[in-house]
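Student: quick one, what's the 3D model for this:
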Amino acid sequence: MPATNTPRGKTERLMNLTMCLLEARQPLPRERIRRVVEQYRSVASDDAFERMFERDKDDLRTLGIPVRTETVTVAFEDEVGYRIDPADYALPDLELTPQELAVLGLAAREWQHASLARPATLALQKLAVGADGDELARPVALLERLAAPPDPAFDPVRAACRQRRVIEFGYRSHGSAETVERRVQPWGLVRWRGRWYLTGHDLGRDDRRVFRLSRVVGEVRAVGRGGAFEVPADHDGVAMVEESFRGLTTITPSPAVLRVRAGAGHELRRRARTVGQVDDEWDLIDIDHGILDAFADEVASYGGDVVVEQPAHLREAVVRRLRASLAAHDERSGA
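Tutor: The predicted structure follows:
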């Protein structure tokens with residue numbers, strides 16, 4: 001169980017408190033809540049529990065969760081009790097298409113890289129209740145299956161972006177075994193073709209730069225005060241990342257043959273040289289690609305909707321990524 005004073009620990013504690021108060025048939029006094037919610041049982045003193053519970057109760061109300069305060073009789077004495085009325089907490093009727101739910105699933109998948117991974121997944125499950133099972137099963141299962149393990153640099157970089165603080169970190173460039181220290185004004189994070197990228201101003205090179213988070217080596221250190229710089233008004237993170245790849249893809253394009261499920265892989269179809277129908281369920285496309293790692297990431301992001309027919313080394317690269325994603329998903333499920 002995560003420590004109660006960590007972001008993940010607090011998130012789990014708030015979720016458990018919410019479930020406890022939702023399931024209560026009558027208002028629960030504080031001592032009962034302390035015994036039921038696992039994270040409260042480990043709190044050493046009564047005063048520490050009181051302070052923690054007051055903060056948690058305020059946090060839930062700030063999040064819009066209606067914690068009710070009512071009088072309850074305990075041992076012939078009146079005492080304050082707490083509960084959440086399910087009618088107040090329930091979502092209104094939502095009419096979302098499977099495609100819209102899949103987009104929400106994608107957002108939950110991206111939150112696997114942050115401290116809100118579990119609440120995001122629970123929220124998606126809550127929204128999915130009552131949806132058409134057959135239509136929803138494949139996109140949601142696919143998104144869960146492809147949830148990648150987080151880059152350790154994600155949370156500190158995200159925090160520095162929000163605070164506008166300069167960061168320092170070791171970085172290993174593409175094709176290099178050398179780690180170089182970088183000092184950067186972080187402007188934003190971009191998810192592109194299955195990877196997270198930091199865009200910003202490299203102070204050592206006095207120029208705009210893009211950094212792939214998986215190539216950050218060691219700790220990300222925030223230095224100096226917050227609000228130390230302004231993000232340019234014309235900053236476009238996606239455009240920066242795309243431009244950086246155009247600079248790398250001067251290599252000769254390599255051909256690939258992919259089997260793509262009908263109705264899927266629209267971006268791949270758009271770039272394909274030819275598209276032919278195999279049967280009612282599958283099409284076959286010929287497509288050229290540049291950097292192998294980037295293209296393998298993109299193909300793997302489609303899960304079972306895209307199968308590599310040729311070449312073998314691309315197929316092996318995609319299979320490695322899918323196996324790693326499944327292993328990471330199983331590890332999180334068993335945690």
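Student: contacts and neighbour counts: CA atoms only from here.
Tutor: Fine.
Student: surely Asp279 is within a helix?
Tutor: No - applying DSSP: H, G, I helix; E, B strand; the rest coil, one finds Asp279 to be coil, outside a helix.
Student: mind listing what it touches?
Tutor: Asp279 sits next to no residue when contact means CA atoms under 8 Å, 6 or more residues apart in numbering.
Student: just checking, which helix or strand succeeds the helix-or-strand element of the chain with minimal mean pLDDT along the chain?
Tutor: Lowest mean confidence among the helices and strands of the chain (mean pLDDT, DSSP states H and E): helix 133-145, at a mean of 41. Next along the chain after helix 133-145, taking DSSP states H and E as the criterion, comes helix 154-163.
Student: so what does whichever helix or strand comes after that following helix touch, helix or strand wise?
Tutor: Next helix or strand after helix 154-163 toward the C-terminus (DSSP H and E): strand 166-172. Applying 3 or more CA pairs under 8 Å, 6 or more residues apart in numbering; DSSP states H and E, we find strand 166-172 packed against helix 154-163, strand 179-192, strand 216-223.
Student: in the following helix or strand past the last one, what counts as buried?
Tutor: Put plainly, it is strand 216-223. Beyond strand 216-223 on the C-terminal side, the first helix or strand identified by DSSP H and E is helix 237-248. Residues Gly237, Val238, Met240, Val241 are the ones in helix 237-248 that count as buried (16 or more other CA atoms under 10 Å).
Student: returning to that earlier point: can you put the helices and strands packed on strand 166-172 in CSV and add mean neighbour count and mean pLDDT?
Tutor: As requested, these are exported to CSV (neighbours: other CA atoms under 10 Å; pLDDT from 0 to 100):
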stretch, mean neighbour count, mean pLDDT
helix 154-163, 18, 89
strand 179-192, 19, 89
strand 216-223, 16, 93
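Student: so which of those comes closest to Arg273?
Tutor: strand 179-192 (22.7 Å; CA to CA).
Student: what lines up beside that closest one in the sheet?
Tutor: Sheet pairing of strand 179-192 (DSSP bridges) gives strand 166-172 (antiparallel), strand 195-202 (antiparallel).
Student: tilt between it and helix 154-163?
Tutor: 80 degrees (axes from the mean of the first three to the mean of the last three CA atoms, to 10 degrees).
Student: just how off-centre is strand 179-192 within its chain?
Tutor: 18 Å (CA atoms, centre = their mean, to the nearest Å).
Student: now do it and strand 216-223, the angle between them.
Tutor: Angle of strand 179-192 versus strand 216-223, following the same axes, to 10 degrees, is 90 degrees.
Student: how far off helix 237-248 does strand 179-192 point, in degrees?
Tutor: 120 degrees.
Student: what's in contact with strand 179-192?
Tutor: With contact meaning CA under 8 Å, 6+ apart, strand 179-192 is reached by 157-158, 160-161, 164-173, 196-204, 217, 229, 231, 237-238, 241.
Student: what is the burial count for Asp18?
Tutor: Check again: residue 18 is Thr, not Asp. Look at Thr18: counted by other CA atoms under 10 Å, it has 21 neighbours.
Student: just the buried residues from the contacts of strand 179-192, in PyMOL please.
Tutor: Those of these that count as buried under 16+ other CA under 10 Å are selected in PyMOL with:
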select buried, resi 157+158+160+161+164+165+166+167+168+169+170+171+172+196+197+198+199+200+201+202+217+237+238+241
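Student: thinking again about what came up before, His266: which of the helices and strands packed on strand 166-172 is closest?
Tutor: strand 179-192 (16.0 Å).
Student: re the thing from before, check the strands paired with strand 179-192 for me: which has the lowest mean pLDDT.
Tutor: Lowest mean pLDDT within the strands paired with strand 179-192: strand 195-202, at a mean of 89.
Student: tell me where the stretch 201-335 of the chain is predicted with low confidence.
Tutor: Applying pLDDT under 70 to the stretch 201-335 of the chain flags the ranges 247-252, 325, 327-335.
Student: repeat the analysis, applying 90 as the threshold.
Tutor: 213-215, 231-254, 262-272, 277-281, 289-305, 316-335 (pLDDT under 90).
Student: could you measure from Ser254 over to Val231?
Tutor: Relative to Val231, Ser254 is positioned 37 Å away (CA to CA, to the nearest Å).
Student: let me fix that: Arg246
Tutor: Arg246 is 23 Å from Val231, by CA to CA.
Student: same thing with Ala24?
Tutor: Separation of Ala24 from Val231 (CA to CA): 48 Å.
Student: likewise for Asp155?
Tutor: In terms of CA to CA, Asp155 sits 19 Å off from Val231.
Student: now swap in Ala177 and tell me
Tutor: 31 Å.
Student: repeat for Ala160
Tutor: 12 Å.
Student: which SSE is immediately downstream of the helix or strand where Glu50 lies?
Tutor: Counting by DSSP H and E, the element that carries Glu50 is helix 46-62. Tracing the chain C-terminally past helix 46-62 and defining elements by DSSP H and E, one meets strand 67-74 next.
Student: list the buried residues in that following strand.
Tutor: For strand 67-74, the neighbour count (16+ other CA under 10 Å) marks Val67, Val72 as buried.
Student: what's the answer for stretch 207-214, then?
Tutor: Neighbour-count burial for stretch 207-214 [16+ other CA under 10 Å]: Arg209, Val210, Phe211, Arg212, Leu213, Ser214.
Student: just those residues now: which is nearest Thr274?
Tutor: Comparing the buried residues of stretch 207-214 against Thr274 with CA to CA places Arg212 closest, at 31.9 Å.
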